[in-house]
Structure formats: C-alpha cells, structure tokens
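# what follows is a predicted structure for the sequence shown.
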Amino acid sequence: MSVTWVMVANASLARFFSNTGPLRELQLIKELAHPQSREKTCNLVSDRSGSRTGTGHGAFMQATDPKHHEAERFAQEVTRELEQGLAKHAYDRLILVASAPFVGLVNQHLPGQVRSRLSESIDKDYTRLPATALTAQINSRVLL
C-alpha cells in the first residue's frame, strides 16, 4: 500500500497528513507550531539598533531580517521532520502545500532523498482548513 504525506504549512504552523489511497480522507499525524514567526520584529531582536552622535558612524543594521530568520529556522525544522518520516518509511510520496514564500524556503532545505519523493508543490496557505476541505482542495489539483 502506497502512503502519501501531505504537508500543509506557513511560516508559523505545519500540519502533516497521511493518505492511504484515492478517495480516502487525509489523516492528521503531526502538527508543529513556531509562534516566533508571528512575533513582531521588535520582540525578536534583543537590542535596538544603536546610533551614535558625531561624525562617521551610523546606526547598526541587522544582517538578516529577524522574521525571515525565524521562517528559515522553521523551514529547517519542517524538513528534518520530513527526513525522519522518510527514514522510518512512513511515506512513499510527498505533496507540499505552503504559503508562497515559505514553500520556497522548504524546497531550499529539502535533502535529495526527500526531494525524490516530492510529487507536487502547491503555493497556497491551507493551514486553517479542516481535513475534509483540505482533502477536496488537494484532490482538485492532484490525485491522492
């Protein structure tokens, strides 16, 4: 029996579903939350940018946007989960459904063996849909 995992995610929530065949409902198997991605930028940095009075020195700028950094960290966590699932032979096929910027981050971090199982990548944020509605949305694009 072939098992398909469907990962539905955005930068702050990832839900992993399992599907065991056509016309079967998706079953939630795991949920990961990353509330730091929803924080305001000012809450993610430890200090304000400094500034000096005088000549020749300006304010210090962050090298990376803190919200992007948190999304990057969560993308790495999500891909580790996908890698562990594949190592346990929990799925044969993978479908990624994620918000447009986040699906790119996840794709960027996917190891080769997980990428080889990827059959579809959909750039939509369906994290708030219940499993029944999600199944209908996925079936309208891909045969589960």
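It's in.

# how much space between Leu110 and Ile29?
To Ile29, Leu110 is 19 Å away according to C-beta to C-beta, to the nearest Å. In short, each C-beta sits where N, CA and C put it, glycine included.

# which one of these two is surrounded by more residues?
For Leu110 versus Ile29, neighbours defined as other C-beta atoms under 10 Å are more numerous around Leu110 (20 against 14).

# just read off the phi/psi values of the more buried one.
With angles defined as degrees, to the nearest 10, Leu110 sits at phi -70, psi 130.

# over to the one 4 residues further on?
With angles defined as degrees, to the nearest 10, Val114 shows backbone torsions of phi -70, psi -40.

# what about it, distance to Ala100?
For Val114, the distance to Ala100 (C-beta to C-beta) stands at 20 Å.

# out of those two, which sits in the more crowded spot?
Higher neighbour count among Val114 and Ala100: Val114, with 22 against 10, using other C-beta under 10 Å.

# let me see the contact set for the more buried one.
Residues counted as contacts of Val114 (C-beta atoms under 8 Å, 6 or more residues apart in numbering) are 79, 82-83, 86, 94.

# what about it, distance to Ala133?
Distance, Val114 to Ala133, by C-beta to C-beta: 26 Å.

# next one: Ala33
Applying C-beta to C-beta, one obtains 20 Å for the distance of Ala33 from Ala133.

# I appreciate the help and will end here.
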